[in-house]
Every structure is written in C-alpha cells, then in structure tokens.
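Peer 1: Sequence and predicted structure are below.
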Amino acid sequence: MTEDALADFPFRHSLHDRLGNHRSDADFVVARWADPGSRVLVLRGTDLAVTDDGARLAWIPPGQAPPGERLLLGGTGGSTHFAVLARGHDESRVEFDDIEVSVGTGDASRALHFAPLRQLAQLLPDVDASYAVHATSLAMWHQRHPRCSICGANTELVGAGDSRRCAECGTSHFPRTDPAVIMTVVDDAGRVLLGHNVAREDGWYSTLAGFVDPGETPEDAVAREVFEEVGVRVDRVTYLGSQPWPFPSSLMLGFEAHASSIAIEVDGLEITAARWFTRDELRAAVESSEVGLPTTVSIAGALITHWYGEDLPTNVLQT
Ligand SMILES: [Zn+2]
C-alpha cells in the first residue's frame with residue numbers, strides 16, 4: 001500500500017497479495033483449491049455474491065462452489081481467495097440475469113444473492129473492496145473475450161485465470177486496462193474549472209476526463225482533453241493519484257493541471273457548460289442547490305476536495 005496526495009475513496013488500495021509468482025504454478029493452484037480454508041467469491045456475470053443483507057461479500061469454501069471458470073485472486077490472513085464465474089444452465093456467457101446459483105446440496109442448498117460492484121463500493125470493508133474490484137475487472141474481461149481477436153476461434157481460460165488462449169491459433173490474450181485521465185484545472189487566482197457533462201442532470205459539475213490516446217502520455221492527454229472539452233490551455237500537470245474503475249476496464253489517473261489561459265469554449269458535445277469557481281463561489285453554489293458535485297465514490301470527488309482543502313459542502317444534487 002502506498003500513500004498519495006488525495007483523501008480516501010473506494011478501490012484506492014490493493015490490499016490483498018495477488019500471488020503473482022504462483023499464477024503459473026498449477027500444483028499450487030490445485031492445492032489451494034483443495035484446502036477447505038480457502039475462500040471463493042461467486043460471480044454471476046459481473047455481479048458479486050453478497051450476504052443476505054447485501055452489505056458484504058459472501059465468501060464460501062471451494063467445496064460449495066458452483067461449476068464455472070475459476071480465477072485465483074490472491075491471499076490474505078493465510079487464506080487463499082478465488083473467484084468462480086458461474087455458468088448458466090445453457091452455459092451462455094452473455095445473459096446472466098436469470099441464472100439461479102445455489103451452493104451446498106440437498107436440504108442445505110441455498111440460492112446466492114448478487115449485487116454489482118457500483119452498489120457495493122461504499123459498503124465493503126477495505127480488503128473485500130480490494131478483492132471485489134479485482135474480481136469484477138477479471139470477470140468483465142473474461143466475459144468480453146470469449147473469442148480470439150486474431151482468428152475468431154473460441155478462447156479458453158488458462159491456469160489461474162489471468163489469461164486466455166486461443167484453441168485454434170494458440171495466441172495468448174491478457175486482461176487489458178484502459179488508461180484514462182481525470183483532472184482539476186486551476187488558474188493563477190486559485191480558481192478551479194469544472195464542467196457539466198451532457199450525460200448528467202442539470203446543475204451537476206465535475207472534473208474533466210478522457211481516455212489516453214494510443215501513443216500518448218497521460219500528461220499530454222490531460223492537456224489535449226482540457227483544450228478539446230473547454231478550450232483552455234494548460235502548462236503544468238501534476239499527478240495526484242489513481243483509481244481502478246472496472247466499468248468496463250479503466251484506470252483513472254488523477255491530475256491537477258495549471259491553466260495558462262482562462263477563456264472557456266466548451267465543445268458542446270461532451271461538455272455543455274464549464275465554469276471557474278473560487279472556493280467561496282463553489283460553496284455558495286452547492287449550498288444553494290445551484291450546483292451538484294460528484295460523490296466521494298470516485299476519484300473526481302477526491303480531486304475536487306484536494307483543491308478545496310477540506311470536506312466539500314453538503315451536496316443536495318449528489319447522485
Ligand atoms: Zn486465434
């Protein structure tokens with residue numbers, strides 16, 4: 001676990017040992033699966049098995065796990081943790097909503113309850129959040145890569161579940177992560193620039209963000225995205241922290257950028273309004289319900305909080 005400049009938010013730290021040196025050791029994986037002290041998290045599609053109250057992950061012993069693709073997640077407290085991607089009765093890889101997944105047998109059989117990671121993000125204990133974001137990311141990738149991108153044949157899960165291999169041409173495929181930048185923009189007067197995204201409700205303002213282009217550094221992506229979305233030039237870009245965001249496969253890289261120009265010209269497509277705020281102006285706008293800000297679930301809230309210098313004012317438009 002490492003420290004960075006931002007206040008806390010979900011998925012910020014990977015708290016389990018990912019056992020990377022054991023992933024290719026088939027004997028290790030088999031032995032850990034055979035250990036009744038190991039624990040398994042069942043996924044239905046990308047939804048996670050949860051306790052009846054929906055507040056925690058439902059970890060079960062390997063012996064109770066339903067059939068499905070098996071992924072080694074890692075270890076904590078001397079226990080090895082796996083995920084199982086439950087199959088439907090027709091072994092469909094796409095439609096999961098109607099699958100009833102049961103654990104145990106006979107009278108002891110019970111149906112599992114499932115919930116998406118987004119719903120659980122602020123409920124889970126830190127270690128479970130660490131496993132949950134890992135499991136969701138892997139499940140999302142496996143679900144979306146049933147076929148080889150080279151020849152189109154079916155792919156098969158390999159070993160501990162950290163890759164797939166094409167049964168026809170033998171190409172190995174590894175999970176991908178898409179880097180995205182997310183940034184506050186601050187001018188010489190200490191004001192912050194926030195934008196209104198077309199997809200959000202009226203009054204909702206947040207950081208600007210966008211994907212890193214192929215062959216581009218994150219710092220250059222910050223400068224490009226800010227100019228494309230609001231017409232402002234930036235000359236200094238400081239990295240502050242990151243957040244895995246597996247919806248479906250992003251890694252949000254958080255920055256503060258210094259503006260070298262202040263005239264705003266929104267793109268009108270993604271960003272339909274943008275404003276400079278002093279701290280007093282932002283507090284007054286939020287407290288009067290004129291402006292809503294992102295929740296603390298995402299790094300966006302942490303970046304704005306970092307600029308603001310203390311907890312953000314009460315957010316009545318929060319979604
Ligand atoms: Zn192939």
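Peer 2: That came through fine.

Peer 1: Starting from His306, give me the distance back to the residue of the stretch 1-150 of the chain found nearest the ion.
Peer 2: Here the residue of the stretch 1-150 of the chain nearest the ion is Cys148; by C-beta to the ion that distance is 3.1 Å. Using the backbone N, CA and C atoms, a C-beta is placed for each residue, glycine as well. According to C-beta to C-beta, to the nearest Å, Cys148 and His306 sit 43 Å apart.

Peer 1: can you pull the contacts of the nearest residue to the residue of the stretch 1-150 of the chain closest to the ion once chain neighbours are set aside?
Peer 2: Once flanking residues are discounted, Cys148 sits nearest to Cys166: 3.7 Å by C-beta to C-beta, 6 or more residues apart in numbering. By C-beta atoms under 8 Å, 6 or more residues apart in numbering, the contact list for Cys166 reads 148, 150-151, 153-155, 172-173.

Peer 1: partners of Cys166 in the sheet?
Peer 2: Note on Cys166: beta-bridge partners by DSSP bridges are Thr155.

Peer 1: looking at it, Glu256 is touching Thr305, isn't it?
Peer 2: No: contact criterion C-beta atoms under 8 Å: Glu256 and Thr305 do not qualify, at 11.8 Å.

Peer 1: List of residues touching stretch 210-221?
Peer 2: With contact meaning C-beta under 8 Å, 6+ apart, stretch 210-221 is reached by 178-181, 224-225, 228-229, 237, 239, 250, 253, 255.

Peer 1: now, among these, which is nearest to the ion?
Peer 2: Of the contacts of stretch 210-221, the one sitting nearest to the ion (C-beta to the ion) turns out to be Asp178, at 22.3 Å.

Peer 1: Do I have it right that the closest one meets Leu251?
Peer 2: Yes: using C-beta under 8 Å, Asp178 is in contact with Leu251, at 7.0 Å.

Peer 1: Who has more neighbours out of the two?
Peer 2: Taking neighbours as other C-beta atoms under 10 Å, Asp178 and Leu251 compare with Leu251 leading, 17 against 12.

Peer 1: Distance-wise, check that one relative to the ion.
Peer 2: 27 Å (C-beta to the ion, to the nearest Å).

Peer 1: Can you report phi and psi for that residue?
Peer 2: Torsion angles at Leu251 (phi, psi; degrees, to the nearest 10) stand at phi -120, psi 110.

Peer 1: For beta bridges, what are the partners of it?
Peer 2: Where Leu251 sits in a bridge, its partners, by DSSP bridges, are Pro179, Pro244.

Peer 1: Isn't it up against Thr177?
Peer 2: Yes: using C-beta under 8 Å, Leu251 makes contact with Thr177 at a distance of 4.9 Å.

Peer 1: Now for those two: what residues contact both?
Peer 2: Pro244.

Peer 1: Check the contact between Val286 and Leu293; I expect there is one.
Peer 2: Yes: counting by C-beta under 8 Å, Leu293 is a contact partner of Val286 at 6.2 Å.

Peer 1: can you give me how far the helix or strand harbouring Glu281 is from the chain middle?
Peer 2: Per DSSP states H and E: Glu281 is located in helix 279-287. Distance of helix 279-287 from the chain centroid (C-alpha atoms, centre = their mean, to the nearest Å) equals 29 Å.

Peer 1: Give me the residues contacting that helix.
Peer 2: Outside helix 279-287, the residues within contact range by C-beta under 8 Å, 6+ apart are 190-192, 194, 277, 291-293, 308-309, 312-316.

Peer 1: Bridged to Glu256, which residues?
Peer 2: Taking DSSP bridges as the rule, Glu256 bridges to Thr184, Thr238.

Peer 1: and the gap between it and Thr184?
Peer 2: Applying C-beta to C-beta to Glu256 and Thr184 gives a distance of 5 Å.

Peer 1: Overlap in contacts, those two.
Peer 2: Counting by C-beta under 8 Å, 6+ apart, the residues touching both Glu256 and Thr184 are 303, 306-307.

Peer 1: So which of the residues you listed belong to helices?
Peer 2: 303, 306-307 (DSSP state H).

Peer 1: which one of those residues sits closest to the ion?
Peer 2: Leu303 (41.1 Å).

Peer 1: Could you check how many residues crowd around the closest one?
Peer 2: For Leu303, using other C-beta under 10 Å, the count is 29.

Peer 1: Dihedrals phi and psi, Val226?
Peer 2: Given degrees, to the nearest 10, the pair of backbone angles that Val226 has is phi -60, psi -40.

Peer 1: need the contact list for it.
Peer 2: 183, 185, 208, 232-234, 257, 259.

Peer 1: Any of those residues buried? List them.
Peer 2: Buried subset of the contacts of Val226 (neighbour count, 16 or more other C-beta atoms under 10 Å): 183, 185, 208, 232, 234, 257, 259.

Peer 1: returning to that earlier point: same list (the ones in helices among the shared contacts of Glu256 and Thr184) but as TSV, adding pLDDT and distance to the ion.
Peer 2: Output for those, formatted as TSV (pLDDT from 0 to 100; distance: C-beta to the ion, whole Å):
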residue	pLDDT	distance to the ion
Leu303	96	41
His306	95	45
Trp307	97	48
